[in-house]
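In: Mind folding the following:
(one chain, ligands or ions: 2)
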Amino acid sequence: MQANNIEDGNTLFPVFLKLENLNLLLVGGGNVALEKLEAIFKNSPNARVKLVAIDIFNLTRAFLSDHKIPYEERPFYENDLEGVNLAIIAVNDHDASRQIKEACAGRNVLANVADTPAQCDFYLGSVVKKGNLKVAISTNGKSPTVAKRLKETLNAALPDEMDSLLSNISAIRDNLKGDFAEKVRQLDKLTKNLSPDQSAGR
Ligand SMILES: C[C@@]1(CC(=O)O)C2=NC(=C\c3[nH]c(c(CCC(=O)O)c3CC(=O)O)Cc3[nH]c(c(CC(=O)O)c3CCC(=O)O)/C=C3\N/C(=C\2)[C@@H](CCC(=O)O)[C@]3(C)CC(=O)O)/[C@H]1CCC(=O)O
Ligand SMILES: NC(=O)c1ccc[n+]([C@@H]2O[C@H](COP(=O)([O-])OP(=O)(O)OC[C@H]3O[C@@H](n4cnc5c(N)ncnc54)[C@H](O)[C@@H]3O)[C@@H](O)[C@H]2O)c1
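Out: Numbering: from 1, shown residues only. Ligands and ions are numbered 1, 2, ... in the order given. Predicted structure coming up:
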């Protein structure tokens, strides 16, 4: 089954993962592995990650030490997938990359294959974060650079007060009385001004 046919429009289904509850294996210790580590730990500081790479670059090694991430400096072995839920394959050898992806598929481990978008079960997104608010952007693999630029635009456009707004609404939400429909009605009314169409809501 093809995970994502990038020729037929954007069929990706976005989700937000709780990486502190999942085991992630990162294969590769070079520049891309470091970028993926930075992206993971910026979002999920308690992510459960281990890394395996033949050679680990100094900057990657420093990041691993700083974040107390377990690693082994050797080639990938299939046993590395024991207990693993997700894998990111960031190696500079296409044959090895494909073989590691096949090993993942054989064990139902979802894999991101950094050198081959067509083989990815999931992509990483470009992430805008304002406190509790998180917006993830994907261009369906067409242009990560455009995703990065959109991130910068949204980051500038979203007010910094977004987090206090979320905290206030969350407190109100916890104290709402009534049945589900009544709660939805009250929350829609309270947040009406956030919609560009201010007549929206019930
Ligand atoms: C969003 C972000 C998340 C992250 O990595 O954290 C991310 N790439 C980022 C940056 C970035 N990546 C690349 C450049 C160089 C310029 C350029 O090529 O545009 C830059 C820009 C830069 O670094 O400035 C090169 C590149 N990337 C991929 C390939 C392979 C290929 O396309 O064949 C190549 C070519 C390798 C080569 O030529 O050798 C593939 C993927 N990169 C993705 C995500 C997935 C699709 C996301 C989507 O749907 O939009 C996907 C498919 C798989 C994946 O990696 O998950 C992060 C945003 C940073 C931010 O937010 O600041
Ligand atoms: N998806 C993205 O965002 C993105 C961005 C740029 C580049 N890329 C692609 O990602 C790949 C990796 O790029 P890089 O700059 O990190 O390369 P790199 O040369 O900096 O690092 C490659 C790493 O893979 C390791 N490795 C190779 N074979 C291995 C094996 N069998 N088992 C364990 N480790 C192994 C090496 O030891 C090294 O640590 C390239 O193919 C590149 O084209 C992807």
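
In: quick one: secondary structure of residue 14?
Out: Under the three-state scheme (DSSP: H, G, I helix; E, B strand; the rest coil), residue 14 adopts coil.

In: Nearest spatial neighbour of it, chain-adjacent residues omitted?
Out: If you skip the residues right next to it in sequence, residue 14 has residue 136 as its closest partner in space, 6.0 Å away by C-beta to C-beta, 6 or more residues apart in numbering. All C-beta spots, glycine's among them, are computed from the backbone N, C-alpha and C.

In: residues contacting the one you found?
Out: Under the criterion of C-beta atoms under 8 Å, 6 or more residues apart in numbering, the neighbours of residue 136 are 14, 16, 125, 126, 127, 128.

In: Quickly find the element holding the residue positioned nearest the centre of the chain.
Out: Central residue of the chain (C-alpha atoms, centre = their mean): residue 124, 4.8 Å from the mean position. Residue 124 is located outside every helix and strand, with elements delineated by DSSP states H and E.

In: you'd agree it is up against residue 38?
Out: No. Counting by C-beta atoms under 8 Å, residue 124 does not reach residue 38; the two are 10.8 Å apart.

In: Let me know the average pLDDT across stretch 111-118.
Out: Averaging pLDDT along stretch 111-118 gives 97.

In: CA atoms of that stretch as PDB?
Out: Provided in PDB are the C-alpha atoms of stretch 111-118 (Å, rounded to 0.1, in the frame of the first residue of the first chain):
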ATOM      1  CA  ALA A 111       9.200   5.400   9.400                       C
ATOM      2  CA  ASN A 112      10.300   8.800   8.100                       C
ATOM      3  CA  VAL A 113      12.900   8.300   5.400                       C
ATOM      4  CA  ALA A 114      14.700  11.600   5.100                       C
ATOM      5  CA  ASP A 115      16.200  11.000   1.600                       C
ATOM      6  CA  THR A 116      13.000   9.500   0.000                       C
ATOM      7  CA  PRO A 117       9.700  11.300   0.600                       C
ATOM      8  CA  ALA A 118       7.800   8.600  -1.300                       C
END
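
In: Go through it and flag the buried ones.
Out: Buried residues in stretch 111-118, counting neighbours by 16 or more other C-beta atoms under 10 Å, are found at 111, 112, 113, 114, 115.

In: Would you mind measuring the gap between the ends of stretch 115-130?
Out: With C-alpha to C-alpha, to the nearest Å as the measure, stretch 115-130 spans 30 Å from end to end.
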